[in-house]
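# What would the 3D arrangement of this be:
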Amino acid sequence: MDEQVKKYLESLPSPQKEMCKKLRKIILDTVPGIKESFKNGVPWYECKYYFVAFKDHVNVGFSVEGLTKKQMGQFEGKGKYMLHVKIYSIDAIDEKKIARLLKVVRQGSNSCE
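Numbering: from 1, shown residues only. The predicted model follows:
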């Protein structure tokens, strides 16, 4: 685990800590070998995904570069390059949905360059 990611996770209050740990596991299980880093104050995964804890929820961010408008409709937000899904409790984490979205984004033509 990236040391900065570890510090970030340990600094979070409950239930955000548990939610972020579960989301991290879903990302790592769905995309084996993905590079984990820490930028802009949050965990990032190959410039395609991130998660960030807020006061009452956690956002999972997804790069939408290379996705169709229909695919982009599965996300929230108004960003040009990144959109997100909001999660308000650990029980609300739909592992199958998150894994499906991770795979959709993975197949897009994204790059960190």
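# neighbouring strands for the helix or strand where residue 44 lies, and are they parallel or not?
Taking DSSP states H and E as the definition, one finds residue 44 inside strand 42-45. With DSSP bridges as the criterion, the sheet partners recorded for strand 42-45 are strand 36-39 (antiparallel), strand 49-53 (antiparallel).
# for the protein, what are the low-confidence residue spans?
Within the chain, the stretches falling below the threshold (pLDDT under 70) are 109-113.
# what about 80?
Low-confidence segments of the chain, defined by pLDDT under 80: 108-113.
# Which neighbouring elements make contact with whichever helix in it runs longest?
Ranked by number of residues, the top helix in the chain under DSSP state H is helix 16-30. Contact here means 3 or more CB pairs under 8 Å, 6 or more residues apart in numbering; DSSP states H and E; on that basis helix 16-30 packs against helix 3-11, strand 42-45, strand 49-53, strand 58-63, helix 95-106. Just so you know, the C-beta spots here come from the backbone N, C-alpha and C atoms, and that holds for glycine as well.
# which outside residues touch the last one?
In this structure, residues lying in contact with helix 95-106 by CB atoms under 8 Å, 6 or more residues apart in numbering are 23, 26-27, 29-31, 48-49, 60, 62-64, 67, 71, 74-75, 85.
# Look up how far residue 70 lies from residue 50.
Distance from residue 50 to residue 70, counting by CB to CB, to the nearest Å: 23 Å.
# So which of the two has more stuff around it?
For residue 50 and residue 70, the more surrounded residue by other CB atoms under 10 Å is residue 50, and the numbers stand at 23 against 7.
# who's the closest residue to the more buried one other than its chain neighbours bridged to?
Taking CB to CB, 6 or more residues apart in numbering, and ignoring the residues beside it in sequence, residue 50 has residue 61 as its nearest neighbour in space, at 4.3 Å. Under the criterion DSSP bridges, residue 61 forms beta bridges with residue 50, residue 84.
# My guess is residue 61 contacts residue 86. True?
No: counting by CB atoms under 8 Å, residue 86 is not a contact partner of residue 61; they are 10.5 Å apart.
# Can you report how many residues neighbour residue 15?
As a burial measure, the neighbour count of residue 15 was computed by other CB under 10 Å and equals 18.
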